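**Q** no sequence for this one, just the structure:
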């Protein structure tokens, strides 16, 4: 009579064009549907981006006083199901309805709970004493439920909820994703994880991190970003089956869809535990091709890793060279490996102090020629050869200074070497630092004399700060630095070659500047955290579509 359009049909996607409505009103709908999620999905499609969904919903088991008598009444009934359709297939309370809406694409804005007074007498076909008692109890219950004093308890049998359409909703629940590390202290693999997790989609994945042995500085930063970081406090030694058992229990309890392990021993324990726990998608990540095996058990561990690769969906390697070495040593098909170059978060990697403040902190005047290296003080990082080269540099450039950032077992030996070369005051140890951009901005040249390096995140950090780089031609370094274009590559263990490359850049500031500018551009094109996170998500989503979503449609 009023001229409104009435449609007699099941409410579903496609019955109207998408984004047709500003408001959709469900009145006593969800409790009668076999699958309420389908109607909510339809509502999500039909609402405009800023649209509202209004629910008027019964809360049968949320009544205050009446529910008590209803329970007693049901206790004496043999058949507890209603004989008069339409019956309720679902029952909601305010918290469960709120969670249900969030999981299905809506953000609740307001919630109001109240209780209806008793049905008028004319609705009852026959006003029996039980119906009269029902009216009395219902009115008494309503007077309590609707009293402002009790409003915080959300009593009542009716709820009105206004929700806004959640634009980030994909129609599926978030996939549960676990990143597994031995620790999350300061290191290349750990810094890479931090950079990626600052750029990955939290709308698509429910992300947890777990450390097998201990947390660390990077773990603290991840927790400050809102990520959950657990720690099992087990040794990650290869033969520690207790670590595997602890991981199995942890993974089984949390029901992860993806387990992504990182670094050799953790890859061993984590993949085995994930397989035993029935995880659908298992991904491992290798950051090196060196020091992978105990010399006495190398053959055994190659066999173990070959077997584990059989149920590993993808092995991520940080460089093509690393992938080739692992594939050859462990006899793994190259298709099972995927190269994802390590990255930095360009939005975060910025100096927070001025150059003057940093120089003042270091006790320098600003007239020095500063050469720097950031790495743990370990033999494979090649510090001894850098000191040999720096001795020659000082002979040519008396104002040169060497800044070493990092800690490690080699420090005392390096101090002795400095004294032997008569370099006290010329070499500055800064220890472990988290303000790397501040340090890099005062350098003239960055040098990496590593004897083995699968990738070298610190190289792309230096390149991003427009520093010319001198590095040894080992591992994946040639994939990072293009010799003669973004830096200079020299043979490992060759102090004279290091010296000559450093001298060339100090003698030719224009060439050094050109290398620095080209290096920064190369980082922006190839090694950003946003690009890495995007490629990682494509990898995850492909496996989720293939192995989880198709087989678990009811759960997603």
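**A** Everything's here; your move. All of these numbers come straight from a predicted model, not from anything done at the bench.
**Q** ok, how many other residues are close to residue 273?
**A** 24 (other CB atoms under 10 Å). For every residue, glycine as well, the C-beta is placed using N, CA and C.
**Q** quick one: what helix or strand has the closest residue to it other than its chain neighbours in it?
**A** Nearest residue to residue 273 in three dimensions, chain neighbours excluded: residue 247, at 3.7 Å (CB to CB, 6 or more residues apart in numbering). In the assignment (DSSP states H and E), residue 247 maps to helix 241-254.
**Q** same check, this time on residue 377
**A** Counting by DSSP H and E, residue 377 is found in no helix or strand.
**Q** for the protein, which element, helix or strand, carries the lowest mean pLDDT?
**A** helix 66-75 (a mean of 64; mean pLDDT, DSSP states H and E).
**Q** check which element follows that one along the chain.
**A** helix 94-103.
**Q** give me the buried positions along the helix or strand just after that next one.
**A** Downstream of helix 94-103, the first helix or strand assigned by DSSP H and E is strand 106-114. For strand 106-114, burial by neighbour count (16 or more other CB atoms under 10 Å) applies to 106, 108, 111, 113, 114.
**Q** low-confidence ranges, the chain, go.
**A** Scanning the chain with the threshold set as pLDDT under 70 gives 60-87, 118-124, 150-151, 170-172, 289-297, 550-556.
**Q** redo that, cut-off 50
**A** The model of the chain has pLDDT under 50 over residues 82, 554-556.
**Q** next, name the residue at the spatial heart of it.
**A** residue 197 (3.9 Å; CA atoms, centre = their mean).
**Q** that one reaches residue 207, doesn't it?
**A** Yes: the criterion here is CB atoms under 8 Å, and residue 197 meets it with residue 207 at 6.9 Å.
**Q** joint contacts of these two?
**A** Listed as contacting both residue 197 and residue 207 by CB atoms under 8 Å, 6 or more residues apart in numbering are 179, 227.
**Q** how much space between the closest residue to residue 272 other than its chain neighbours and residue 230?
**A** Leaving aside its chain neighbours, residue 272 sits nearest to residue 244 (5.5 Å; criterion: CB to CB, 6+ apart). For residue 244, the distance to residue 230 equals 16 Å [CB to CB, to the nearest Å].
**Q** more neighbours: those two, which one.
**A** It is residue 244, of residue 244 and residue 230, that has more neighbours when counted by other CB under 10 Å, with 19 against 14.
**Q** dump the residue contacts of the more buried one.
**A** Contacts of residue 244 by CB under 8 Å, 6+ apart are 269, 272, 273.
**Q** the same query, at a cut-off of 10 Å, please.
**A** Counting by CB atoms under 10 Å, 6 or more residues apart in numbering, residue 244 touches 212, 234, 268, 269, 270, 271, 272, 273, 276.
**Q** show me the residues you listed that map onto helices.
**A** 268, 269, 270, 271, 272, 273, 276 (DSSP state H).
**Q** from the residues you listed, which would you call buried?
**A** Listed as buried from the ones in helices among the contacts of residue 244 are 268, 269, 270, 271, 272, 273; burial here means 16+ other CB under 10 Å.
**Q** just send these back as CSV, with distance to residue 517 too.
**A** Shown next, in CSV, are those (distance: CB to CB, whole Å):
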residue, distance to residue 517
268, 43
269, 44
270, 41
271, 43
272, 47
273, 47
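**Q** closest to residue 520 among the residues you listed?
**A** Distances from residue 520 to these, taken as CB to CB, are shortest for residue 270 (35.9 Å).
**Q** I'd guessed the closest one sits against residue 246; true?
**A** No: Residue 270 is beyond contact range of residue 246, at 11.0 Å (criterion: CB atoms under 10 Å).
**Q** which residues are in contact with each of these two?
**A** Residues touching both residue 270 and residue 246 by CB under 10 Å, 6+ apart: residue 212.
**Q** of all the buried residues of strand 106-114, which comes closest to residue 238?
**A** Distance to residue 238 across the buried residues of strand 106-114 (CB to CB) is lowest for residue 106, with 48.7 Å.
**Q** I am finished for the moment; much appreciated.
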